[in-house]
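# Fold the following.
(chains A and B)
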Amino acid sequence: MVEWAIRQRTDDKGGQAVNVRTVVLDPTAEDIPIERERSPRPESLAGLTVGLLDISKPRGDIFLDRLEERLDSLGAQVERYAKPTFTKPAPVDLRREIAATCDAVIEALAD
Amino acid sequence: MEFATLDDDYEAMFDRGWTDGLPVVPPTESLVAGMLEGTTRDSDEVVALVPPNLAECTVEKVAINAVMAGCRPEYLPVVLAAVDAICTDGFNMHGVLATTMSVGPILVVNGPVASEIGMNSGVNVLGHGNRANSSIGRAAQMVIRNMGGGAPGGVDQATLGHMGKQGLCFAEDEAGSPWISLAEERGFNAGVSTVTAFCGEGPRLVADQRSRTPESLTKTLGEALLGAVSSRMVMAMDAMLVISPEHMSRYRDAGWDRARFHEEISAQLMVETDGIVAGAGGIEEGLPVALGGITVPKFRPGGLLVVHAGGAAGLFSAIIGGWLNGPSGSEPTTREVKP
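Here you go, the predicted model:
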């Protein structure tokens, strides 16, 4: 439930404005966003496991192949993942697997 | 006497981000209670998890948004069915929002409820001017915005969009059609009221004012359908064809039924891929060259949805192009309207 006070005229002959309380029902999900601390940024990627998530759009693999080369040269262990389709959010199980396995993740957009 | 422009209910609701750009009706307790009289369902029954935030949405929350959109209580069961349909995993509302393609839910109502609540299936059927048509589609979109968090510029990233995203909902003209309805074709009985949600772009006109035979008209419609979304895309996207009464008379007079029409138009919708591979005709867009040399259908089986609607005069039909179909995109989804 949401309330606000609105000034409205009491008559149409220039009467005094008064505050009229309007009560409406909330059309939203009434969610309260949770703020989370970002994970600490690693100072170096050497020795860390970095996940590369392909969203399955054309040519995303080309971008990620190049990133994998660069990450290899920095001493990172690369794990490759792919969403089943770019049109839907990554499945929960895939997100959990990445979170459990990787120290960092890079998600590729492409076209 | 001072009246600041912000000092009214309508501005207060704009300020909270609750509107689609047009004013909304303040959802007071009494109006929402009246709206809930339109259904026998409990107000706290969960209708859907609304994408993209997957918010649990009750009948009451749908009723609040239906009040805001301008619905009458008797429209509520149709809004509930529409929300149910577009929030399924198959319809994939999250993807429909997120795509840069300019698509949104197109809602087709079949069955007795359409005339019971005064929906338009005639003149200007894909346009404005009928309260039920305009507010039902708007209510469903407001649920997506307010409950699911799917607003333009946020998860909705459509490059262009179209005005039908404000809520495009219409009824099929069943009484004037010689064919079974879209809902019957999709497996529902004639006496059952349904909403079919199709993910589509804005409608475009197909003019054919000369064809006097069904064969000729079918060729015109086929030619236009080959260009739906892009003439270089085949099988990946569905389409909806809205056949007007005067065009339908060609099929009625010749005794074609819905099945015959599908059979005949399918023959017009075969594409030789040599003409649409990348580079063909000097156009870089196209299928991979390796897919040349074959003939394929423009649409997958069942990928052309056909509806009869429109004003009695005018030799025009309309095409509503789709978005990616199948498990990777959006499946047309039909739900029964329950009281």
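# Which elements pack onto the top helix by length along chain B?
With secondary structure taken from DSSP state H, chain B has its longest helix at helix B:131-146. With contacts defined as 3 or more Cβ pairs under 8 Å, 6 or more residues apart in numbering or on different chains; DSSP states H and E, the packing partners of helix B:131-146 are helix B:59-69, helix B:76-86, strand B:104-110, strand B:168-171. From N, CA and C alone the C-beta is placed, and that goes for glycine too.
# Distance from the chain centre to the helix or strand immediately after the second one in the chain, please.
So that's helix B:76-86. Later in the chain than helix B:76-86, the nearest helix or strand by DSSP states H and E is helix B:93-98. Centre-to-centre, helix B:93-98 and its host chain are 14 Å apart (Cα atoms, centre = their mean, to the nearest Å).
# Show me what helix B:93-98 is packed up against.
Partner elements for helix B:93-98 (3+ Cβ pairs under 8 Å, 6+ apart): strand B:104-110.
# now what about the helix or strand just after the strand it packs on, what contacts it?
Going down the chain from strand B:104-110, the next helix or strand is helix B:113-116, by DSSP H and E. By Cβ atoms under 8 Å, 6 or more residues apart in numbering or on different chains, the residues outside helix B:113-116 that reach it are B:74, B:77, B:78, B:119, B:121, B:171, B:172, B:174, B:175, B:193, B:337.
# out of the helices and strands packed on helix B:131-146, which comes closest to residue A:71?
Residue A:71 lies closest to strand B:104-110 among the helices and strands packed on helix B:131-146, at 39.4 Å (Cβ to Cβ).
# ok and that closest one relative to helix B:76-86, angle-wise?
If you take axes from the mean of the first three to the mean of the last three Cα atoms, to 10 degrees, strand B:104-110 sits at 130 degrees to helix B:76-86.
# neighbours of residue 101, just the number please.
The chain I'm using is chain A. When neighbours are defined as other Cβ atoms under 10 Å in any protein chain shown, residue A:101 has 13 of them.
# wrong one, chain B
Residues near residue B:101, counting by other Cβ under 10 Å: 22.
# so where's chain A shaky on pLDDT?
Within chain A, the stretches with pLDDT under 70 are A:4-20, A:110-111.
# Over to stretch B:220-237 now: how far is its first residue from its last?
Taking Cα to Cα, to the nearest Å, the first and last residues of stretch B:220-237 lie 20 Å apart.
# Kindly apply the preceding question to stretch B:223-230 instead.
Termini of stretch B:223-230 sit 12 Å apart (Cα to Cα).
# Could I get the average pLDDT for that stretch?
On average, the pLDDT along stretch B:223-230 is 96.
# Residue B:64 reaches residue A:26, doesn't it?
Yes. The pair residue B:64 and residue A:26 qualifies as a contact (Cβ atoms under 8 Å) at a distance of 7.3 Å.
# who's more crowded, the two?
For residue B:64 versus residue A:26, neighbours defined as other Cβ under 10 Å are more numerous around residue B:64 (29 against 14).
# Identify the residues contacting that one.
A:25, A:26, A:27, B:27, B:32, B:35.
# mind running it again at 7 Å?
When contacts are counted by Cβ atoms under 7 Å, 6 or more residues apart in numbering or on different chains, residue B:64 touches A:25, A:27, B:27, B:32.
# so which of the contacts of helix B:113-116 is the most crowded?
residue B:78 (31 neighbours).
# in the longest helix of chain B, what's buried?
Neighbour counts over helix B:131-146 (16 or more other Cβ atoms under 10 Å in any protein chain shown) mark B:132-146 as buried.
# Now flag whichever of those residues is closest to chain A.
Sorting the buried residues of helix B:131-146 by distance to chain A puts residue B:146 at the head of the list, at 4.3 Å, by Cβ to the nearest Cβ.
# Point out the other helices and strands that the longest helix anywhere in chain A packs with.
Secondary structure of chain A per DSSP H: the longest helix is helix A:60-73. For helix A:60-73, the packing partners by 3 or more Cβ pairs under 7 Å, 6 or more residues apart in numbering or on different chains; DSSP states H and E come out as strand A:49-54, strand A:77-82, strand A:104-108.
# which residues in chain B form helices?
Using DSSP H, helices in chain B cover B:9-15, B:29-36, B:59-69, B:76-86, B:93-98, B:113-116, B:131-146, B:182-185, B:214-226, B:245-254, B:258-268.
# Any chance of JSON lines for those, columns distance to residue A:44?
Rendered in JSON lines, the data for the helices of chain B read as follows (distance: least, Cβ to Cβ, whole Å):
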{"stretch": "helix B:9-15", "distance to residue A:44": "47"}
{"stretch": "helix B:29-36", "distance to residue A:44": "57"}
{"stretch": "helix B:59-69", "distance to residue A:44": "49"}
{"stretch": "helix B:76-86", "distance to residue A:44": "47"}
{"stretch": "helix B:93-98", "distance to residue A:44": "34"}
{"stretch": "helix B:113-116", "distance to residue A:44": "64"}
{"stretch": "helix B:131-146", "distance to residue A:44": "44"}
{"stretch": "helix B:182-185", "distance to residue A:44": "60"}
{"stretch": "helix B:214-226", "distance to residue A:44": "56"}
{"stretch": "helix B:245-254", "distance to residue A:44": "68"}
{"stretch": "helix B:258-268", "distance to residue A:44": "60"}
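# Run a quick neighbour tally on residue A:104.
15.
# hang on, it packs against residue A:47?
No. Counting by Cβ atoms under 7 Å, residue A:104 sits too far from residue A:47 to count as a contact (11.8 Å).
# What sits closest to the residue nearest the centre of chain B if chain neighbours are left out?
Taking Cα atoms, centre = their mean as the criterion, residue B:106 is the residue nearest the geometric centre of chain B, at 1.1 Å. Nearest residue to residue B:106 in three dimensions, chain neighbours excluded: residue B:200, at 4.2 Å (Cβ to Cβ, 6 or more residues apart in numbering or on different chains).
# Neighbours of that neighbour, how many?
Residue B:200: 30 neighbours (other Cβ under 10 Å).
# Pick out the shakiest of the helices of chain B, pLDDT-wise.
Lowest mean pLDDT of the helices of chain B: helix B:9-15, a mean of 89.
# and that one, what other elements does it pack with?
Helix B:9-15 packs on strand A:2-9, going by 3+ Cβ pairs under 7 Å, 6+ apart.
# Chain A contacts on the stretch 51-200 of chain B?
B:53, B:55, B:61, B:64, B:65, B:68, B:92, B:94, B:95, B:146, B:147 (Cβ under 7 Å from any Cβ of the partner chain).
# what comes up buried for stretch B:268-286?
B:268, B:269, B:271, B:273, B:276, B:277, B:280, B:286.
# Test my guess that the first one contacts residue B:216.
No. In this structure, residue B:268 is not within contact of residue B:216 by Cβ under 7 Å, at 11.0 Å.
# what's the closest of the helices of chain B to residue A:61?
helix B:93-98 (20.7 Å).
# Distance of the closest residue to residue B:268 other than its chain neighbours relative to chain A?
Excluding the flanking residues, the one nearest residue B:268 by Cβ to Cβ, 6+ apart is residue B:222, at 2.7 Å. Distance of residue B:222 to chain A, given as Cβ to the nearest Cβ, to the nearest Å: 28 Å.
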